[in-house]
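K.L.:
requesting a structural model of the entry that follows:
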Amino acid sequence: MAVELGYYTLSVEDLDRAAAFYGALFGWEFRREHETYLHVTNTAVPMGLTASGPSSQPNLYYSVDDVDAAIKRVRELGGTTGEIIESKSGRGCACTDDQGTEISLWQPAPGY
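P.N.:
You can find the predicted model right below:
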């Protein structure tokens, strides 16, 4: 099976302002996961807002069955990986391919 986009986030300065803006614009509904993250509860592709400062690009997470195995494969292919991040939505890891392109891997938790 081919790996596909499984999750994405939009980086924003202020979560509450962003929730008001995108909620009014797109009809998104939110659940606060923690102080720096809002999960959007009514989209087909899981997503959220993260309070890490504004960015011109979304953060894309590619869904994998086993993030540990995928991290190992990234390294075997000449890429680099960051720390594994644990959250309610699953386990994720920021990676860089062998040419410097940044991607993220995500192993969904049950229900995501």
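K.L.:
in this protein, which helix is the longest?
P.N.:
The longest helix of the chain (DSSP state H) is helix 15-26.
K.L.:
and it, what's its mean pLDDT?
P.N.:
The pLDDT scores in helix 15-26 average 94.
K.L.:
quick check: buried residues in that helix?
P.N.:
Applying a neighbour-count criterion of 16 or more other C-beta atoms under 10 Å, the buried positions in helix 15-26 are Leu15, Ala18, Ala19, Tyr22. No exception for glycine: its C-beta is placed from N, CA and C like everyone else's.
K.L.:
with stretch 63-76 instead?
P.N.:
Buried positions in stretch 63-76, judged by neighbour count with 16+ other C-beta under 10 Å: Ser63, Val64, Val67, Ala70, Ile71, Val74.
K.L.:
doesn't Glu29 make contact with Leu49?
P.N.:
No - in terms of C-beta atoms under 8 Å, Leu49 does not count as a neighbour of Glu29; the distance is 11.9 Å.
K.L.:
among the two, which residue is more densely surrounded?
P.N.:
Neighbour comparison, Leu49 and Glu29: the larger count goes to Leu49, with 23 against 13 (by other C-beta atoms under 10 Å).
K.L.:
so what's the backbone phi/psi at that one?
P.N.:
In terms of degrees, to the nearest 10, the main-chain angles of Leu49 are phi -110, psi 130.
K.L.:
which residues sit in contact with the residue nearest to it when sequence neighbours are not counted?
P.N.:
Counting by C-beta to C-beta, 6 or more residues apart in numbering, Leu38 is the residue found nearest to Leu49 once chain neighbours are left out, at 4.5 Å. Residues in contact with Leu38 (C-beta atoms under 8 Å, 6 or more residues apart in numbering) are Leu15, Ala18, Ala19, Phe30, Arg31, Arg32, Gly48, Leu49.
K.L.:
from these, which is closest to Asn59?
P.N.:
Lowest distance from Asn59 to the contacts of Leu38 (C-beta to C-beta) belongs to Gly48, with 9.5 Å.
K.L.:
surely the closest one and His34 touch.
P.N.:
No - Gly48 is beyond contact range of His34, at 10.7 Å (criterion: C-beta under 8 Å).
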